[in-house]
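> only geometry, no sequence info:
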């Protein structure tokens, strides 16, 4: 379909009934042009959406983190850089014409693959100082593209279960990130909890449960965390003196009511 009569050349026929110009060669040229423009706009729309996405990545401390960027295998790559803003700011860059990499970050950060094909960033081993924002920037014949990621580091807590004369059973999930959740089997209304926040972002939670009036011989501490789940049990059968004290206390209350 021709939008303007001037675009039509030989072979065009004008229909008064439909007010449509049917073109021969001009029509095919216009269609090819529209198709090319549509493909270009679709391509750029896809990449603008793709690179505007911001991803969140959770990685356990001591493990490997791989931060993805767009594949560069189908692009005429000029340069790709990673800008890292964590506890310390640094960058990793690759220049294609020189096949050259420049790095002022920790040696734990490097390309996962070849940057001219896939400029994914590898961090190993991950530690708490790596938390922050990571931006991949690509300069190519198709334009400049950005891809950002937010890295959060998970730290599993150290779990212990002990007995204490004043609190009786003490379950501790130390230095976890995020804070662990603690529950008990059997459940009790006599449990209480404390939380201690540390300067590095980790949290210690301590839960106490009184079992002196319980008929159960064991108590189990359940610790739930994104990096692990752990159950610890404590044998209460060897604490009979607590039960005796509880009986004496109950008898005293009965006598003086």
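On my side now, so go ahead. Everything numeric in this text was worked out from a predicted model, so none of it was measured.

> Point out where the stretch 51-200 of the chain drops to low pLDDT.
Low-confidence segments of the stretch 51-200 of the chain, defined by pLDDT under 70, span residues 51-53, 166-167.

> Neighbours of residue 88, how many?
Applying other C-beta atoms under 10 Å, we find 12 other residues in the vicinity of residue 88. Where C-beta positions appear, they are placed from N, C-alpha and C, glycine not excepted.

> Also the one 5 residues further on?
For residue 93, the tally of surrounding residues (other C-beta under 10 Å) stands at 17.

> can you check residue 143 too?
Residues within reach of residue 143, counting by other C-beta under 10 Å, total 12.

> hey, what's it bridged with?
Judged by DSSP bridges, the bridge partners of residue 143 are residue 140.

> ok, now residue 123?
Bridge pairing for residue 123 (DSSP bridges) gives the partners residue 65, residue 109.

> Quick check: it touching residue 63?
No - when contacts are counted by C-beta atoms under 8 Å, residue 123 is not listed as touching residue 63 (9.4 Å).

> With neighbour numbers in mind, choose between the two.
Each of residue 123 and residue 63 had its neighbours counted (other C-beta under 10 Å), and the higher figure belongs to residue 123 (24 against 13).

> need the contact list for the more buried one.
59, 64, 65, 66, 67, 108, 109, 130, 151 (C-beta atoms under 8 Å, 6 or more residues apart in numbering).

> In PyMOL, select just the buried ones from those residues.
Selecting only the buried entries of these in PyMOL, with 16 or more other C-beta atoms under 10 Å as the criterion:
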select buried, resi 59+65+67+109+130+151
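
> Show me how the chain divides into domains.
For the chain, automatic domain parsing gives the domain ranges 53-154, 158-245.

> Residue 71 - how many residues pack around it?
Burial of residue 71 is recorded as 13 neighbouring residues (other C-beta under 10 Å).

> What strands line up against the helix or strand containing residue 234, and which way round?
Counting by DSSP states H and E, the element that carries residue 234 is strand 228-235. Using DSSP bridges, the strands paired with strand 228-235 in its sheet are strand 218-225 (antiparallel).

> Quick one: residues in contact with the partner strand.
By C-beta under 8 Å, 6+ apart, strand 218-225 touches 156-157, 159, 161, 169, 171, 173, 176, 178, 180-186, 207, 209, 211, 229-237.

> Helices of the stretch 151-257 of the chain, start to end?
Secondary structure of the stretch 151-257 of the chain (DSSP state H, counting those that start in this stretch): helices located at 240-255.

> actually the stretch 1-150 of the chain, sorry about that
Secondary structure of the stretch 1-150 of the chain (DSSP H, counting those that start in this stretch): helices located at 25-52.

> Now the closest residue to residue 76 other than its chain neighbours. Its backbone dihedrals?
Counting by C-beta to C-beta, 6 or more residues apart in numbering, the nearest residue to residue 76 once its immediate chain neighbours are dropped is residue 141, at 3.8 Å. Dihedral angles phi and psi of residue 141 (degrees, to the nearest 10) take the values phi -70, psi -20.

> That concludes my questions; thank you for your assistance.
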